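*Asks:* Provided below for reference: sequence and predicted model.
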Amino acid sequence: MVGAGNGTVYEIPDGPADPEPAIPSFDFATMGQSGGVPLVIDNGPRTCRAGWASEQDPRLEFSNLVSRYRNRKLSANMMLLVGDSVYSDPLAKPSIRSGFDNDVVTNFDAMESVLDYVFTMLGCVDERVNQPIVMTEAACTPYTSRKHMSELLFECYNVPSVTYGVDSAWSYYKNTGTFGTDGLVVGSGTSTSHIVPIYDARMHTDKCRRINLGSDSMDDYMLKLLQLKYPSFPMKITDWQARQLVNKYTYYAQDFDEELAGYLDMEGLWERDVAVQFPFPMPALDERTEEEIQRATERRREQAKKMQEMAAKKRQEKVDMRAKELEELTSLRDSKDDVGEAEFAQRLREANMSDEQQLAEAIASAQQVVNRALNKELGIEPEEKEAPSFPLVDMPDSELTEEQRAEKRKQVFLKGSHDARERARVEKEKERVKQAEIARADDERRRDHFDEWLADMQAKRNEVITRMEDRRARRRELNDRRSHASQMRMRNIADLAANESLAGPNGGAGSKRRRRGDPDDDFGAEDDDWNVYRDISKEEEAEEDEEDEAEIERYNKILEQHAPDFLEGLDREARAKIERTTMYRFAEGCQPAILDKPAVPYKPDNATLVARAAREYQLHLNIERIRVPEIVFRPSLVGLDQAGLLETIDNVVRHTGRTSLVSNVFVTGPGFAQVSGIVERLERDIRSIVPVGTPVSVRRAADPLRDAWRGAALWSVSEADAFKASRVTRQDYLEFGGEYIREHGASNRYYASPAAGSPNF
């Protein structure tokens with residue numbers, strides 16, 4: 001079981017598979033002949049098994065659960081499901097109930113439904129059950145629970161007799177064939193576990209010890225560990241799934257501390273780590289073939305060509321329209337000499353023109369559009385525009401009329417805009433020339449001194465990465481209230497708030513003092529004074545991150561073109577750095593790390609997309625494989641202040657005074673008995689607490705789950721006299737009460753309640 005990893009990904013379903021419909025039996029009357037074959041019921045908290053004592057295996061085996069719910073789609077609104085069928089209808093799941101509480105029957109309404117199901121499926125159609133009942137119960141079952149169970153069997157089903165016995169004791173009988181052999185039974189239950197000695201041909205429950213840990217405790221601990229380990233896991237892990245993980249992948253470490261210390265070491269982690277795949281939604285994939293992709297590319301190219309043709313056609317239509325407009329406007333201008341002033345003014349108004357100047361401007365605009373289109377068609381470069389003149393800017397206002405002063409203000413604004421554009425154009429041209437020179441020098445250096453160029457590029461790239469990492473570290477410090485950086489930021493904010501309060505809510509006193517030039521107010525005299533706003537601002541860091549990321553991307557493109565092996569090496573180093581961390585191995589096992597922003601850009605294929613989507617729904621079990629079952633030996637792991645399994649065994653052995661019991665330690669039950677390595681671990685630990693030379697032998701039941709039923713069936717048939725003497729009849733029930741039992745080798749002890757009025761009452 002230790003080598004369950006090896007890179008294999010194990011799938012886990014959402015829930016148990018739909019059960020096959022149970023087929024009722026019809027030989028109930030036949031079993032009642034010859035004195036009646038006992039009907040054996042292993043009434044376990046998780047699973048109920050029932051069948052005839054004359055058979056090797058139980059006929060019924062189902063989850064000991066019931067669900068009563070309302071289904072409005074059916075004519076019979078109230079529905080009752082028993083056993084594995086409770087999982088078949090989603091409406092039934094919220095109403096699932098168990099008859100048990102900590103391995104003891106407490107809900108007898110649910111128990112009655114379970115027994116109805118058992119007797120019905122075994123073919124009991126009469127008003128009463130004619131066969132004797134053999135039923136298991138937990139060690140040291142409270143009288144109240146047994147009393148109600150006997151009342152249910154005798155009053156509701158009118159059974160002739162019932163025999164109660166401890167499940168782990170009957171499992172011991174199945175594997176040894178007798179109660180005459182002394183031994184120590186370790187019964188691992190669902191909620192609790194019991195250590196009971198067997199000697200003098202019977203189980204001594206008066207010397208029994210209980211541990212409040214069972215299979216449910218391990219399931220719950222596994223679930224909590226996974227929730228803590230994967231807080232953002234995209235789906236809910238159910239109790240049933242946690243139980244499957246415990247049953248399939250956990251094992252007992254022979255030396256927990258030693259194995260835990262080196263569990264996440266890379267050497268051997270490949271075999272120890274288990275990847276569990278949960279159901280995941282398939283990502284959107286491009287299922288097209290290469291030919292289909294080429295055809296789609298060709299269609300896009302044709303569509304782009306058509307769009308260009310349509311745009312050219314629209315531009316030509318616009319030019320034709322402006323040419324026609326130019327012809328009309330020119331004709332209007334030339335008609336001035338042929339008509340009178342009044343007629344010409346009328347034509348201007350009809351053309352939406354106020355005067356001849358507006359007409360001239362419209363003609364110039366249309367002429368410019370037409371000339372530009374004609375020059376572009378002939379391939380003529382456009383002439384440089386003449387610098388605009390602003391004659392009124394330098395003239396004093398006293399020499400200008402009111403209209404000229406208004407025009408001067410307009411020219412001042414236009415001149416400022418023109419000068420700003422010119423400065424920007426000149427700076428842009430200088431920057432272009434500078435970048436071209438840098439690129440030329442860089443190409444020359446790369447060609448002549450490639451190693452130096454590569455080292456320089458690496459240094460520049462590392463410098464940017466260092467800046468980004470420093471900012472991330474600073475942000476982490478700011479998130480910590482106790483860090484020095486966070487305290488300095490809060491102090492700066494407090495200082496600014498204090499300055500604002502001195503200035504008054506509307507900038508009153510402080511603003512007047514600044515306007516007066518108060519010598520005490522020297523803030524801003526030095527450029528460093530303004531760094532306080534940078535210290536408390538977080539938006540600027542985000543902008544710097546974007547700029548640095550763009551610069552990193554630029555370096556990556558250059559290196560990808562000229563030194564792709566170098567970038568691949570960077571990615572390998574980045575992955576190795578992540579994979580070497582303990583937290584990564586703890587959460588992701590031995591899987592290769594996925595870089596958020598790899599240096600070598602690539603487009604993942606469909607297989608990679610599916611693999612990445614699957615990894616988001618994967619859990620890795622490594623330390624949990626030995627930590628979860630260890631709670632039986634160390635209850636403190638789950639916060640229980642009680643002795644572990646080894647200490648409890650030692651207590652029982654010392655209490656009985658029979659050290660020889662450790663020579664026959666028997667482990668059974670649905671709990672930790674199913675976990676691999678329990679026999680070797682128990683034998684090793686017990687050997688460490690007994691005197692040297694004491695024989696120690698530990699064995700596990702051949703079938704820890706079903707041997708309790710098989711042992712009860714075997715005992716009731718092969719030990720006929722003991723079985724007959726242990727039967728509690730209806731007369732016993734009426735005379736001694738429902739809690740009464742007849743003791744036998746596998747039973748609990750019975751202590752009669754003191755009679756009313758007696759000294760011990």
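*Replies:* That came through fine.

*Asks:* For R295, the count of nearby residues, please.
*Replies:* 12 (other C-beta atoms under 10 Å). Using the backbone N, CA and C atoms, a C-beta is placed for each residue, glycine as well.

*Asks:* again, but for E560
*Replies:* With other C-beta under 10 Å as criterion, E560 counts 15.

*Asks:* how about it, secondary structure?
*Replies:* Taken by DSSP: H, G, I helix; E, B strand; the rest coil, the conformation at E560 corresponds to helix.

*Asks:* And the lowest mean pLDDT element among the helices and strands of this protein?
*Replies:* helix 508-515 (a mean of 46; mean pLDDT, DSSP states H and E).

*Asks:* can you list contacts of stretch 66-73?
*Replies:* With contact meaning C-beta atoms under 8 Å, 6 or more residues apart in numbering, stretch 66-73 is reached by 77-82, 86, 89, 91-99, 110, 113-114.

*Asks:* ditto for stretch 274-294
*Replies:* By C-beta under 8 Å, 6+ apart, stretch 274-294 touches 4-5, 7-14, 235, 237, 241, 245, 249, 296, 589, 591, 606, 609-610, 612-614, 616-622, 625.

*Asks:* for it, which positions count as buried?
*Replies:* By neighbour count on 16 or more other C-beta atoms under 10 Å, the buried set for stretch 274-294 is 274-276, 278.

*Asks:* repeat for stretch 654-673
*Replies:* Applying 16+ other C-beta under 10 Å to stretch 654-673 flags 656, 658, 661-673 as buried.

*Asks:* Measure how far that stretch is from the centre of its chain, please.
*Replies:* Centroid separation between stretch 654-673 and its chain, computed with C-alpha atoms, centre = their mean, to the nearest Å, is 41 Å.

*Asks:* Ends of it, what's the gap?
*Replies:* Using C-alpha to C-alpha, to the nearest Å, one end of stretch 654-673 lies 23 Å from the other.

*Asks:* secondary structure class for P16?
*Replies:* Assigned by three-state DSSP, the conformation of P16 is coil.

*Asks:* where in the stretch 401-550 of the chain is pLDDT low?
*Replies:* Applying pLDDT under 70 to the stretch 401-550 of the chain flags residues 478-487, 489-490, 492-542.

*Asks:* Return the list of helices and strands in contact with the longest helix seen in the chain.
*Replies:* Selection of the longest helix in the chain by residue count, based on DSSP state H, yields helix 402-448. Secondary-structure packing of helix 402-448 (3 or more C-beta pairs under 8 Å, 6 or more residues apart in numbering; DSSP states H and E): helix 450-479.

*Asks:* Give me the buried stretch members for the helix it packs on, please.
*Replies:* Buried, per 16+ other C-beta under 10 Å, within helix 450-479: 453, 457, 461, 464, 468, 477-478.

*Asks:* Please apply the same query to stretch 352-368.
*Replies:* 353, 359, 362-363, 366.

*Asks:* Alpha carbons of it, as CSV, please.
*Replies:* The C-alpha trace of stretch 352-368 is given here as CSV (Å, rounded to 0.1, in the frame of the first residue of the first chain):
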residue,chain,number,x,y,z
ASN,A,352,-26.2,77.5,-46.6
MET,A,353,-23.4,80.0,-46.9
SER,A,354,-23.3,83.3,-45.0
ASP,A,355,-20.7,85.1,-47.1
GLU,A,356,-18.0,84.7,-49.7
GLN,A,357,-15.4,83.8,-47.1
GLN,A,358,-17.3,80.8,-45.9
LEU,A,359,-17.7,79.8,-49.6
ALA,A,360,-13.9,80.1,-50.1
GLU,A,361,-13.2,78.0,-47.0
ALA,A,362,-15.6,75.3,-48.2
ILE,A,363,-14.0,75.2,-51.7
ALA,A,364,-10.5,75.0,-50.1
SER,A,365,-11.6,72.1,-47.8
ALA,A,366,-13.2,70.1,-50.7
GLN,A,367,-10.2,70.8,-52.9
GLN,A,368,-7.9,69.5,-50.2
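
*Asks:* outside of it, which residues touch it?
*Replies:* So stretch 352-368 is contacted by 322-323, 325-326, 329-330, 332-333, 336, 348, 351 (C-beta under 8 Å, 6+ apart).

*Asks:* sorry, back to before: can you add pLDDT, secondary structure and distance to G189 and give the buried residues of stretch 352-368 back as JSON lines?
*Replies:* Shown next, in JSON lines, are the buried residues of stretch 352-368 (pLDDT from 0 to 100; DSSP: H, G, I helix; E, B strand; the rest coil; distance: C-beta to C-beta, whole Å):
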{"residue": "M353", "pLDDT": "81", "secondary structure": "coil", "distance to G189": "103"}
{"residue": "L359", "pLDDT": "78", "secondary structure": "helix", "distance to G189": "105"}
{"residue": "A362", "pLDDT": "82", "secondary structure": "helix", "distance to G189": "99"}
{"residue": "I363", "pLDDT": "82", "secondary structure": "helix", "distance to G189": "103"}
{"residue": "A366", "pLDDT": "80", "secondary structure": "helix", "distance to G189": "98"}
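
*Asks:* Out of the residues you listed, the closest to D216 would be?
*Replies:* A366 (89.2 Å; C-beta to C-beta).

*Asks:* Would you quantify the distance from the closest one to L332?
*Replies:* Distance of A366 to L332, given as C-beta to C-beta, to the nearest Å: 12 Å.

*Asks:* Right, I'll leave it there.
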